[in-house]
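*Asks:* please work out how this folds:
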Amino acid sequence: MNDQLAAQCLSAREAARVLAVTHRAAKDAALHAMADALLAAEEPILAANGADIATAEGAGTPASLLDRLRLSPVRLGQMATGLRDLAGLPDPVGDVVRGWTNPNGVEVRQVRVPFGVIGMIYEARPNVTADAAGICLKAGNAVLLRGSSSAVNSNRAITAALQDGLAAAGLPRESVQLVEGGREVTTELMGARGQVDVLIPRGGAGLINAVVENSKVPVIETGTGNCHLYVDAAADLDMAVTIALNAKTQRPSVCNAVETLLVHEQVAEAFFARAGEVLGGAGVQLHGDARVLELSPGAVAATEADFEAEWLSLDLSAKVVGSIDEALAHVRRYSTGHSEMIVSNDATAQHRWVHEVDAAAVLVNASSRFVDGGEFGFGAEIGISTQKLHARGPMGLPEMTSTKYVVVGTGQTRA
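*Replies:* Predicted coordinates for the structure are as follows:
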């Protein structure tokens, strides 16, 4: 490990020891100070982001990635609001998950505690820098932030502001640190077992798979989102069109946007007659099977790769299915386990979808855009986990803690 990263790991560990015993009031004050510092540094942060955007545009970066990279006064304000929202949430540290008293009088309690040092490896989105810092801090953790080179100027400016806020509140600046360097630094961070307690990758499939497959540090896996919307035979079609439009176009470059549309054959003609103009007017390009091509003149033929795609754009795969069984089979084959929607007024269809779809979130008559930590009331989120161990779905404060058992007796010994 290079000297710089080794020093950062050591100082993060020292900061984590301070944060582990810091009371809620002090952490909340720090979150407000960090929010204030972000807003005070709006001009240098947006200037740094402008430099990143210019570099990305010069490199021919796709529009969807530019959207993830771009900051604005509104988005900066949302980052600050996210930090303040976290200050208003309960502190998970010290919560008793469960507890009991044994017949011999020994008390046993399972209590939430911080992980210690969390490493974040993420792509493009500089808002993650503030979100991750705030969540980790509130949960009593120090964080090492390894952002992508595409956002390096933005992340430097944001981290500097957050550290100023921490210092103003009397907490260690080293609680939040930006890790910089070439690809070898990422490899070293993944090998820092014993110095970093957990790694969280957030980005595309390539990044996530690389971390999961190569890290020696335990990983909480966030996932990509090939999210499906199934329009059932018993669907309210106006509702279905509204949800499809929102789930695809409200922000198409994010992981909880819909990427595949499945429509029951009994309502396909009526649905596409209503949806075609609405989706097309919003710039959505359908990639459909043969039946979709018949019903939507502007559609293009879908390939196998299209049904596997996380588009992150205004493209949308579409297929007409003969039954809910066919829809479920399609989801089982192509889903990445993120968020899966059904629009139906049939209780049996709803029940089957909820119980047979294997995903971090299943939605009935609601847009997948609600699968978000902020929308769930968690404040800013650290990411959306599609794994099944420890955490699944949007990860907020409790997911950034571990537990330990506290055993209290009055001198009892085991026979």
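*Asks:* residues of the lowest-mean-pLDDT helix or strand in the chain that come out buried?
*Replies:* Counting by mean pLDDT, DSSP states H and E, the chain has its least confident helix or strand at helix 63-69, which shows a mean of 85. Applying a neighbour-count criterion of 16 or more other Cβ atoms under 10 Å, the buried positions in helix 63-69 are 64, 65, 66, 67, 68, 69. The way it works is simple: take the backbone N, C-alpha and C, and place the C-beta from them, glycine included.
*Asks:* roughly how far out does the helix or strand containing residue 74 sit from the chain middle?
*Replies:* Element membership of residue 74, judged by DSSP states H and E, is helix 73-87. In terms of Cα atoms, centre = their mean, to the nearest Å, the centre of helix 73-87 is found 16 Å from the chain centre.
*Asks:* what packs against it?
*Replies:* In terms of contacts (3 or more Cβ pairs under 8 Å, 6 or more residues apart in numbering; DSSP states H and E), helix 73-87 is packed against helix 24-40, helix 42-58, helix 127-138.
*Asks:* reformat these as CSV; add distance to residue 283 and mean neighbour count.
*Replies:* Formatted as CSV, those follow (distance: least, Cβ to Cβ, whole Å; neighbours: other Cβ atoms under 10 Å):
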stretch, distance to residue 283, mean neighbour count
helix 24-40, 32, 20
helix 42-58, 20, 17
helix 127-138, 24, 27
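*Asks:* out of the ones you listed, which comes closest to residue 357?
*Replies:* Closest approach to residue 357 among those (Cβ to Cβ): helix 127-138, 27.7 Å.
*Asks:* how is this structure divided into domains?
*Replies:* Here the domain parsing of the chain from automatic domain parsing is 3-221+395-408, 227-370.
*Asks:* and those domains: which comes nearest residue 385?
*Replies:* Each of the domains of the chain has some distance to residue 385 by Cβ to Cβ; the shortest is domain 3-221+395-408, at 5.5 Å.
*Asks:* quick one: end-to-end length of that closest one, please.
*Replies:* With Cα to Cα, to the nearest Å applied, domain 3-221+395-408 spans 43 Å between its terminal residues.
*Asks:* again, but for stretch 394-411
*Replies:* For stretch 394-411, the separation between the terminal residues is 43 Å (Cα to Cα).
*Asks:* mind starting the numbering at 46 from now?
*Replies:* Taking 46 as the first residue, the last one we looked at is stretch 439-456.
*Asks:* buried ones in it?
*Replies:* 439, 440, 441, 442, 444, 445, 446.
*Asks:* and the average pLDDT for that stretch is what?
*Replies:* Summarised as a single mean, pLDDT over stretch 439-456 is 95.
*Asks:* what distance separates it from the centre of its chain?
*Replies:* The chain centre lies 23 Å from the centre of stretch 439-456; the measure is Cα atoms, centre = their mean.
*Asks:* swap in stretch 233-246?
*Replies:* Its chain's average C-alpha position is 19 Å from that of stretch 233-246, according to Cα atoms, centre = their mean.
*Asks:* what residues does that stretch touch?
*Replies:* 46-47, 50-51, 54-55, 57-58, 160-167, 177, 189, 191, 224, 252-253, 255-257, 259-267, 427-428 (Cβ atoms under 8 Å, 6 or more residues apart in numbering).
*Asks:* just the CA trace of it, in PDB.
*Replies:* The C-alpha trace of stretch 233-246 is given here as PDB (Å, rounded to 0.1, in the frame of the first residue of the first chain):
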ATOM      1  CA  GLU A 233      -4.900  -1.200  -2.800                       C
ATOM      2  CA  LEU A 234      -8.200   0.000  -1.100                       C
ATOM      3  CA  MET A 235      -9.800  -3.400  -2.000                       C
ATOM      4  CA  GLY A 236      -6.900  -5.100  -0.300                       C
ATOM      5  CA  ALA A 237      -7.000  -3.000   2.900                       C
ATOM      6  CA  ARG A 238      -8.500  -5.800   5.000                       C
ATOM      7  CA  GLY A 239      -8.100  -4.900   8.700                       C
ATOM      8  CA  GLN A 240      -7.800  -1.200   7.900                       C
ATOM      9  CA  VAL A 241     -11.100  -0.800   6.100                       C
ATOM     10  CA  ASP A 242     -14.100  -2.600   7.600                       C
ATOM     11  CA  VAL A 243     -16.400  -2.700   4.600                       C
ATOM     12  CA  LEU A 244     -16.400  -1.600   1.000                       C
ATOM     13  CA  ILE A 245     -19.500  -0.400  -0.900                       C
ATOM     14  CA  PRO A 246     -19.200  -0.100  -4.700                       C
END
